[in-house]
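Colleague: pasting the sequence and the predicted model now:
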Amino acid sequence: MYGFEVDGGFIFYKYRDLDGTLSLTEGHLKWFWDVMSQAGQIPTIFYDGSVECFEEFKKLANDKGQHFFFGFNGNEPSGMFWINGLAHRSCFVHLAIMPGFYREGSLQMGKGVLRHLLTARDVSGRYIMDCIKGLIPSRNTLACRMAEKSGFAKIGIIPQATYFAAEDKSVDAAIFCAVRNSQYEQPS
């Protein structure tokens, strides 16, 4: 089981290992789904409308192109993130904080997840990622602020780059980027 800890006592576990074996259960997925649903977070997290029910969430988490991590603080679900679009040492990251862990917890998780992604190494000692990207609807100012405070640089705005299901239209999106050698690697 692959996992890592970040400041604040948050531990993230990968849902599915690279060989396809599950590290967590469908019960864990359901637990996170229920927490997000009860808080009304589903339309915000899955703003494109691609996930509206538990079966769609389960299908996304089991997709081999998606790499889900679920975070706990003690025995409570605290956050989750997933990466996709892996190519040439870069990926897109998507982060969701569970209710009760906003503010300080969200920054600890955001910074810790980014630090982990940019400093993780493979078995030969090479960095796995060099560039982590995020695309956030510009209207989600809270998520945009959190991205910047977590260590991402706002690169710009892409007009109508994200579909916003609640309004059935494309909206502007902010593109964020964090690069390993600018933050986490010390010059030789």
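Modeller: That came through, no problem.
Colleague: after the lengthiest helix in the chain, next one along is what?
Modeller: Ranked by residue count, the top helix of the chain under DSSP state H comes out as helix 104-119. Remark: after helix 104-119, the chain's next helix or strand is strand 131-137, criterion DSSP states H and E.
Colleague: dump the residue contacts of Pro22.
Modeller: Rather than Pro, residue 22 is Leu. Residues in contact with Leu22, defined by CB atoms under 8 Å, 6 or more residues apart in numbering, are Tyr15, Arg16. The C-beta positions use only the backbone N, C-alpha and C, and glycine is treated the same way.
Colleague: what pairs with it across the strands?
Modeller: According to DSSP bridges, the residues that bridge with Leu22 are Arg16.
Colleague: pLDDT wise, what is Ser182 at?
Modeller: pLDDT recorded at Ser182 is 61.
Colleague: when you give positions from now on, start the count at 55
Modeller: Got it, first residue is 55 now, which makes that one Ser236.
Colleague: all strands of the protein, in order?
Modeller: Assigned by DSSP state E, the chain shows strands spanning 57-60, 64-68, 121-127, 130-141, 144-151, 185-191, 207-218, 223-233.
Colleague: deepest of the ones you listed, which one?
Modeller: Relative to the other members of these, strand 121-127 carries the highest mean neighbour count by mean count of other CB atoms under 10 Å, namely a mean of 22.
Colleague: before we move on, the earlier item: just send the strands of the chain back as TSV, with mean pLDDT and distance to Glu158 too.
Modeller: Formatted as TSV, the entries for these read as follows, by pLDDT from 0 to 100; distance: least, CB to CB, whole Å:
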stretch	mean pLDDT	distance to Glu158
strand 57-60	94	12
strand 64-68	96	11
strand 121-127	96	11
strand 130-141	96	12
strand 144-151	96	11
strand 185-191	97	21
strand 207-218	96	22
strand 223-233	97	20
